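# fold the following.
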Amino acid sequence: MTDSAKTVGFLGLGRMGAPMASRLVGHVDRLIVHDISPAAVDALVMKGAERAGSAAALGEKCDIVLLSLPTPPIVRDAVADVVSGGNPRVICDLSTSGPKLAQELNEMLGPLGVASFDAPVSGGIRGAELGSLAIMVGGPEALYPDVHPILDRIGTPFFMGETAGAGQVAKLANNLLSLAAIATTAEAMTLAIKAGLDPVRMIEVLNAGTGANSATRDKWPRAVLPRTFDFGFSAQLSLKDTRLALAEAQAMGVPLPTGERLAALLDRVLATYGDDADFTAMAKVVEADAGLDPER
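This next block holds a predicted model:
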């Protein structure tokens, strides 16, 4: 039995989009997908999805279109392409694209009779694969029952309110805390390592005590302790998210001094390790400042 009797389109089959879309196969009547990568589309078609051929075709064929894309300009252009082919009833942006764009999309789509939801996700690639993402949703409450069963398949949706951008603000706040955990854990671990303590044992101690956080529980064991720095989220996208948070905070008159320091640290990561650096490379910059060899 399907979770939905709707034709659903999914645009953007990257590291997050592909596993999210995969979880919808067989749980909606039809899943139609598109991406600029033919190989990514082929992989979903092999699992049972249908090929759209273009973003405009999604607008023509689908009741609901979900997007998972890297930056606000790409999201904006993709939505314009979707509605150029026709008007789906609902467009739902799963990207972290900021509240300003969510408001722009709402203003663009409203006159066309298209409902706009912003529904950014948190939980990383593993969460996308397991269907355990936290999904922060803003949009018209009357139509929320139409998208809830679909979102429920890829994670746990939390309705944050009808204001366009409500989900985006929640996601940016979440990301600030997540990045702060990485930076603070890097400082605490550098202090311990410089004092001669074993890093593996130190993480065990932190996770048994009040210092436990998402970085000590997941990012250090998976990407920092083994020195692979490949958790799966780029420093470049982290910096994008942090700048979105800073811009929104400035517009509301909310000082974010910690956010400013996080942006500066991410800038240094990119300057030192290049555009492909993982956000866990923040630890290497902190270690280097303390005189530790980050390539040890």
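# could you list the low-confidence segments of the stretch 51-200 of the chain?
Across the stretch 51-200 of the chain, nothing is flagged by pLDDT under 70.
# now do the helices in it.
Counting by DSSP state H, counting those that start in this stretch, the stretch 51-200 of the chain has helices at residues 55-61, 72-85, 99-109, 124-130, 144-154, 166-194, 199-208.
# packing partners of the first one?
The reference is to helix 55-61. Judged by 3 or more CB pairs under 8 Å, 6 or more residues apart in numbering; DSSP states H and E, helix 55-61 is in contact with strand 4-11, strand 28-34, helix 72-85. C-beta here means a position set from N, CA and C on the backbone, and glycine is covered the same way.
# which residues touch it?
Helix 55-61 is contacted by residues 7, 9, 11, 32, 34, 52, 65, 78, 81-88 when judged by CB atoms under 8 Å, 6 or more residues apart in numbering.
# which PyMOL command selects the buried ones in the residues you listed?
PyMOL command restricting those to the buried ones, with burial defined by 16 or more other CB atoms under 10 Å:
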select buried, resi 7+9+11+32+34+52+65+78+81+82+83+85+88
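# run through the residues that contact Val137.
Counted by CB under 8 Å, 6+ apart, Val137 has contacts 117-119, 144, 147, 151, 157-160, 166-167.
# if we go to 6 Å?
Contacts for Val137 (CB atoms under 6 Å, 6 or more residues apart in numbering) come out as 119, 157, 159, 167.
# now these: which count as buried?
Neighbour counting with 16+ other CB under 10 Å marks 119, 157, 159, 167 as buried within these.
# which other helices and strands contact whichever strand or helix holds Ala271?
Secondary structure from DSSP states H and E places Ala271 in helix 257-273. If contacts are counted by 3 or more CB pairs under 6 Å, 6 or more residues apart in numbering; DSSP states H and E, helix 257-273 sits against helix 166-194, helix 235-252, helix 282-289.
# what mean pLDDT does it have?
If you average the pLDDT over helix 257-273, you get 98.
# distance of the closest residue to Phe279 other than its chain neighbours relative to Val269?
If the residues on either side of it in the chain are set aside, Phe279 comes closest to Ser238, at 4.3 Å by CB to CB, 6 or more residues apart in numbering. Per CB to CB, to the nearest Å, Ser238 is found 9 Å from Val269.
# check Leu176 too.
Distance from Leu176 to Val269, by CB to CB: 16 Å.
# ok, these two, which is more surrounded?
Taking neighbours as other CB atoms under 10 Å, Leu176 and Val269 compare with Val269 leading, 25 against 19.
# what sits against the closest residue to that one other than its chain neighbours?
Spatially, and ignoring its direct neighbours in sequence, Val269 is nearest to Ala235 (4.4 Å; CB to CB, 6+ apart). Listed by CB under 6 Å, 6+ apart, the contact set of Ala235 reads 266, 269-270, 277, 279.
# TSV please, covering the buried ones among the contacts of Val137 and showing distance to Glu204.
What follows is the buried ones among the contacts of Val137, written out as TSV (distance: CB to CB, whole Å):
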residue	distance to Glu204
Ala119	36
Pro157	34
Phe159	38
Gly167	36
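# what's the closest of the helices and strands packed on helix 55-61 to Lys171?
helix 72-85 (13.0 Å; CB to CB).
# what angle separates the closest one from helix 235-252?
Interaxial angle, helix 72-85 versus helix 235-252 (axes from the mean of the first three to the mean of the last three CA atoms, to 10 degrees): 90 degrees.
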